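Visitor: next comes the sequence, and after it the predicted model I'd like to discuss.
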Amino acid sequence: PFRSTRKLAKQRSPASEHFPATMSSPEDDDGAGEAAAGGSAAAAGWPLAFWLSAAAVAWFGVMVVLRLIAIAYSSFMFKKSRRRSVTDKDAPCVSIIKPLKGRDTFLRRNLETFYNLDYPSGGYEILFCMEAMDDPARDVVNELISAYPHIKTRVFMCFHAVGPNPKINNILRAFQQAQHDLVWISDANANASPQLLRNLVARAGERNVGLVHQVPYVRRGAGVGGMLEKMYFGAFHAVIYIAANAFGFNCAMGKSFMLRRSQVRAVGGLEQFAQYLAEDYFLAKAIYDSGLRVVLAQEPVFVDVGKLALDQFQQQRLRWGRIRKSMMFVNHLLEPLCESQGAIVLASGAFYYLWGTNPAVFLLLSFAGAFALDALLMRTIHQGDDDKSVSLVALMVVWLFREVTVLPYWLQTFTGNAVEWRGRQFDLQRGGVVAEMRADGVATTATSSPPPSPTGVAAAAAAAANTRSTGVSSSSRSSSSSAAGRAFISADHVVACTECRERGGQRAAKANTAAAAGAAAAAAA
């Protein structure tokens with residue numbers, strides 16, 4: 001079609017009138033009538049198709065270049081020999097906040113890595129945050145506290161709703177009561193290499209840095225959903241994430257990041273970001289807009305995901321997509337074009353239109369090349385610290401499955417604004433603001449309790465000092481009778497306000513009543 005169009009264009013050109021007849025070929029004299037009849041249609045039709053095809057080819061080239069940039073930047077940034085560090089003399093004290101909810105296969109392994117950091121003795125504290133005193137994660141925390149008594153550990157069992165975001169509600173009290181200004185917030189399924197804390201502190205100490213974040217990489221993913229999450233974070237997400245940071249754009253994820261509490265207070269406080277589910281993006285944006293730098297750490301955050309079913313991954317993907325849609329609608333509309341399959345399919349049609357390239361051959365070679373680039377990118381990120389039990393064939397199958405399901409998942413994001421997270425239902429609104437759905441179906445952004453005041457903090461500390469004879473010890477006794485002797489965390493490590501302690505006592509009383517009723521029924525039988 002491109003060659004035929006060029007022929008018609010040449011026939012329409014006024015310059016052709018000046019060519020001698022002896023220099024014209026039979027193709028140039030196909031008939032003035034045909035040229036006149038087809039000229040206007042071609043002039044109106046072929047330029048649009050040509051420019052659309054050219055745009056598709058250019059976009060295909062942009063996607064290839066972005067992958068190459070991500071590969072080159074990650075090879076440079078994450079190279080182990082380049083990672084910065086701090087000496088013991090220059091190492092500041094750090095508070096590490098770990099929000100917990102539930103227990104998965106790798107929880108203990110992930111949490112234990114934070115007790116084996118290569119850092120000066122007494123240079124950091126670990127603050128675990130749980131919404132309830134009967135959270136299944138408490139057993140793991142109790143084991144770690146017993147195994148590493150020399151590491152200062154506090155457990156915050158408070159849930160103060162300052163907004164719909166459950167993560168902010170969970171960590172707010174720990175964030176406010178942390179002993180040190182420098183804070184590292186890390187999710188439960190993230191783990192740390194021994195040198196990671198020194199690397200983060202070194203980056204945080206650079207000039208004008210307000211936040212240090214890490215690109216996530218799933219090292220171990222159990223189940224089909226875990227493998228899909230590994231491929232998502234290692235391929236498409238990593239390309240956009242790393243390339244954006246290479247060009248200096250604000251693109252940060254809250255899986256693991258370090259900042260200063262004083263800087264968070266300067267931008268309005270942590271509680272103001274509880275109105276969003278994507279609190280990490282808006283927090284990083286606020287710090288970035290304040291004139292500080294948001295920089296990428298020189299080591300990825302490795303994630304070990306417990307068994308994740310396919311439907312669970314689908315729910316995650318739907319939640320992430322709808323959150324992005326509510327935040328940046330136009331960007332979300334163009335999202336399929338940023339995926340490998342979108343750019344490749346468009347380019348296959350463009351190459352066929354312009355040069356007659358066989359679409360099947362083009363698709364086969366392009367998908368193979370895209371997988372090779374993504375596999376190379378994953379290698380440059382993990383730098384050899386990957387799960388070697390996963391074969392290349394398995395990765396290829398998972399990669400292809402994820403690519404062919406991109407469009408259906410993307411279309412599903414437009415069917416509503418409701419998402420589910422940690423057993424709660426939320427309704428997303430324009431600008432990324434979220435409202436939690438109550439049991440009666442009403443959306444609410446109201447807070448159920450105010451942020452803790454200094455007086456309340458002092459009262460909580462006083463109550464925690466007396467826990468051996470009050471809430472925690474009674475909860476421990478009740479859990480022993482109702483959960484086959486499950487050990488509870490020592491009262492010396494627990495921080496809980498009076499309100500949360502009363503709620504725990506009420507649950508313990510109900511558990512005791514149920515256990516007594518069960519024992520009575522068993523005795524009667």
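Guide: Yep, it's here.

Visitor: so, low pLDDT: which residues of the stretch 201-350 of the chain?
Guide: Scanning the stretch 201-350 of the chain for pLDDT under 70 picks out nothing.

Visitor: what about the strands in it?
Guide: Using DSSP state E, counting those that start in this stretch, the strands of the stretch 201-350 of the chain run over residues 209-213, 216-221, 256-260, 293-296, 301-305.

Visitor: which helices and strands does the first one pack with?
Guide: In other words, strand 209-213. The contact analysis (3 or more Cβ pairs under 8 Å, 6 or more residues apart in numbering; DSSP states H and E) places strand 209-213 against helix 196-204, strand 256-260, helix 279-289, strand 293-296. No exception for glycine: its C-beta is placed from N, CA and C like everyone else's.

Visitor: using PDB, write out every CA atom in the third one.
Guide: What follows is helix 279-289 as a C-alpha-only set of coordinates in PDB (Å, rounded to 0.1, in the frame of the first residue of the first chain):
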ATOM      1  CA  GLU A 279      -0.800   7.200  50.600                       C
ATOM      2  CA  ASP A 280       2.800   6.500  49.400                       C
ATOM      3  CA  TYR A 281       2.300   8.400  46.100                       C
ATOM      4  CA  PHE A 282       0.700  11.500  47.800                       C
ATOM      5  CA  LEU A 283       3.300  11.500  50.600                       C
ATOM      6  CA  ALA A 284       6.200  11.300  48.100                       C
ATOM      7  CA  LYS A 285       4.500  14.000  46.000                       C
ATOM      8  CA  ALA A 286       4.100  16.300  49.000                       C
ATOM      9  CA  ILE A 287       7.800  15.900  49.900                       C
ATOM     10  CA  TYR A 288       8.800  16.400  46.300                       C
ATOM     11  CA  ASP A 289       6.600  19.600  45.900                       C
END
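
Visitor: roughly how far is that helix from the heart of the chain?
Guide: Distance of helix 279-289 from its chain centroid, counting by Cα atoms, centre = their mean, to the nearest Å, is 14 Å.

Visitor: which residues are contacting it?
Guide: 165, 167-168, 210-211, 213, 250, 252-254, 257, 259, 263-264, 267-268, 270, 273, 276, 294, 327, 432 (Cβ atoms under 8 Å, 6 or more residues apart in numbering).

Visitor: which stretch among the strands of the stretch 201-350 of the chain comes nearest Ser95?
Guide: strand 256-260 (10.2 Å; Cβ to Cβ).

Visitor: run through the neighbouring helices and strands of that closest one.
Guide: strand 182-186, helix 196-204, strand 209-213, helix 279-289.

Visitor: wait, which of these is closest to Gln341?
Guide: Short answer: helix 279-289, nearest of the helices and strands packed on strand 256-260 by Cβ to Cβ, at 25.6 Å.

Visitor: any buried residues in the closest one, and which?
Guide: Of the residues in helix 279-289, Glu279, Asp280, Tyr281, Phe282, Leu283, Ala284, Lys285, Ala286, Ile287, Tyr288 count as buried by neighbour count, 16 or more other Cβ atoms under 10 Å.

Visitor: so it versus strand 182-186, what angle?
Guide: Going by axes from the mean of the first three to the mean of the last three Cα atoms, to 10 degrees, helix 279-289 is angled at 150 degrees with respect to strand 182-186.

Visitor: export the helix or strand harbouring Tyr353 to CSV, keeping only CA atoms.
Guide: Assigning secondary structure by DSSP states H and E places Tyr353 in helix 340-355. The C-alpha coordinates for helix 340-355 follow below in CSV (Å, rounded to 0.1, in the frame of the first residue of the first chain):
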residue,chain,number,x,y,z
SER,A,340,4.4,-5.0,25.6
GLN,A,341,1.3,-6.5,24.0
GLY,A,342,-0.3,-3.1,23.2
ALA,A,343,2.8,-1.6,21.6
ILE,A,344,3.6,-4.8,19.7
VAL,A,345,0.1,-5.4,18.3
LEU,A,346,-0.1,-1.8,17.0
ALA,A,347,3.4,-1.9,15.5
SER,A,348,2.6,-5.2,13.7
GLY,A,349,-0.2,-3.6,11.8
ALA,A,350,1.9,-0.5,11.1
PHE,A,351,4.8,-2.5,9.8
TYR,A,352,2.4,-4.5,7.5
TYR,A,353,0.8,-1.3,6.2
LEU,A,354,4.1,0.5,5.6
TRP,A,355,6.4,-2.3,4.4
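
Visitor: what are the contacting residues of that helix?
Guide: 1-2, 49-50, 52-54, 56-57, 59-60, 63, 235-236, 336-337, 357-359, 362-363, 366-367, 370, 374, 403-404, 406-407.

Visitor: equivalent analysis for stretch 229-247, please.
Guide: 66-67, 69-70, 73-74, 77, 215-219, 221, 250-251, 253, 295-296, 303, 305, 308, 313, 316-317, 338-340, 374, 377-378, 381, 390, 395, 398-399, 402.

Visitor: mind running it again at 7 Å?
Guide: Residues outside stretch 229-247 that contact it (Cβ atoms under 7 Å, 6 or more residues apart in numbering) are 66-67, 69-70, 73-74, 215-218, 221, 251, 296, 305, 308, 313, 338-339, 374, 377-378, 381, 395, 398-399, 402.

Visitor: quick one: buried ones out of the residues you listed?
Guide: Buried, going by 16+ other Cβ under 10 Å: 66-67, 70, 73-74, 215-218, 221, 251, 296, 305, 308, 313, 338-339, 374, 377-378, 381, 395, 398-399, 402, out of the contacts of stretch 229-247.

Visitor: so which of these are in helices?
Guide: Under the assignment DSSP state H, those contribute 66-67, 70, 73-74, 313, 338, 374, 377-378, 381, 395, 398-399, 402 to helices.

Visitor: chain center to stretch 132-142, what's the gap?
Guide: Stretch 132-142 sits 25 Å away from the centroid of its parent chain (Cα atoms, centre = their mean).

Visitor: mind listing what's buried in it?
Guide: Buried-residue list, stretch 132-142, by 16+ other Cβ under 10 Å: Met133, Asp134, Asp135, Pro136, Ala137, Arg138, Asp139, Val140, Val141, Asn142.

Visitor: show the average pLDDT along it.
Guide: Here stretch 132-142 scores 90 as its mean pLDDT.

Visitor: look up the closest residue to Gln315, ignoring the ones flanking it.
Guide: Glu420 (6.1 Å; Cβ to Cβ, 6 or more residues apart in numbering).

Visitor: hang on, the earlier thing: now the helices and strands packed on strand 209-213 in CSV, with distance to Leu111?
Guide: Supplementary listing: the helices and strands packed on strand 209-213 in CSV, determined by distance: least, Cβ to Cβ, whole Å:
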stretch, distance to Leu111
helix 196-204, 14
strand 256-260, 13
helix 279-289, 21
strand 293-296, 24
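
Visitor: nearest to Leu172, out of these?
Guide: Closest among these, using Cβ to Cβ: helix 279-289, at 11.1 Å.

Visitor: hmm, back to that, which of the helices and strands packed on strand 256-260 sits closest to Arg108?
Guide: strand 182-186 (15.2 Å).

Visitor: which neighbouring elements make contact with the closest one?
Guide: For strand 182-186, the elements it packs on are strand 94-100, strand 256-260, judged by 3 or more Cβ pairs under 7 Å, 6 or more residues apart in numbering; DSSP states H and E.

Visitor: CA atoms only: put that strand into PDB for me.
Guide: Extracted as PDB, the C-alpha positions of strand 182-186 are listed here (Å, rounded to 0.1, in the frame of the first residue of the first chain):
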ATOM      1  CA  LEU A 182      14.900   9.100  60.800                       C
ATOM      2  CA  VAL A 183      12.200   6.400  60.200                       C
ATOM      3  CA  TRP A 184      12.100   3.400  57.900                       C
ATOM      4  CA  ILE A 185       8.600   2.100  57.000                       C
ATOM      5  CA  SER A 186       8.700  -1.400  55.600                       C
END
